[in-house]
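Asker: Test case, fold it:
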Amino acid sequence: QYLKVTRGLQTDYMLEPAGSHGVWGLDDYHCLPFYYGACQLSREPDYTPSSIHSVSSTEAGMYLYFGCIQYIKQLKKGVPFFESSPMLNDISHLPTWTKVSSGLLKLFEGEVLDKKPVVQHFVFGRFFPANWTPSQHITEAPTELFRTEALFRRPAA
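Answerer: I've put the predicted structure just below:
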C-alpha cells in the first residue's frame, strides 16, 4: 500500500521520487522494496539481475523488483535507463540476486538505520524493538582553526 500511495502522489503532483542522494540514488525508503524484490528473485533461477532490461508487464506484476523497475521506466520515458538510474543499472551487472540483496541491505543499514535524523522517526515496539545500546560517543565541535584558513589570513600590519 505504501508504494501505491507514494507512487500516486509522485504521479499526481509530478514529484521527483528522489531521496537524500538526489535523483541519481535510491530513495531511502524505496530501498526496501528493491531489497525484498531481490530476495524474492533469489529463489527464481530463470531470472538474473540483468533481466531488468527486458521486463514484461506480467513479470512486473509478479515480482516486486521488476515492478519497481517498470515504474521507473514509465516515469522516465524516453530517457535511457543507464542515464535515469545509473545505480540500478550498475546493480544489474552483478552475477546473482543474492549479491544484489546483500548489497541493498548494506545500503539500507548505512543510509537509513545508521542515520539518527532518519531512524528517530521510526515507531519502535514489540515487532520492531529498539534493543541496541546507543552510542556513548559525543561529537564535539572543533576547537582549532582549519589549517587552510591560515593561508588566507592577512598578515598583521
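Asker: who touches Val100 in this structure?
Answerer: Residues near Val100 by C-beta atoms under 8 Å, 6 or more residues apart in numbering: Ala38, Pro49, Ile91, Leu94. To be clear about C-beta, it is placed using only N, CA and C from the backbone, and glycine gets the same treatment.
Asker: so which of those residues is the most crowded?
Answerer: Counting neighbours by other C-beta atoms under 10 Å, Ala38 comes out on top of the contacts of Val100 with 25 neighbours.
Asker: Does that residue touch Ser92 like I think?
Answerer: No: when contacts are counted by C-beta atoms under 8 Å, Ala38 is not listed as touching Ser92 (11.1 Å).
Asker: what is in contact with these two at once?
Answerer: Listed contacts common to Ala38 and Ser92 are Pro49; contacts here mean C-beta under 8 Å, 6+ apart.
Asker: Could you measure from Ser54 over to Glu111?
Answerer: Distance, Ser54 to Glu111, using C-beta to C-beta, to the nearest Å: 29 Å.
Asker: what do you get for Glu59?
Answerer: Applying C-beta to C-beta to Glu59 and Glu111 gives a distance of 28 Å.
Asker: Before I go, just wanted to say thanks for your time.
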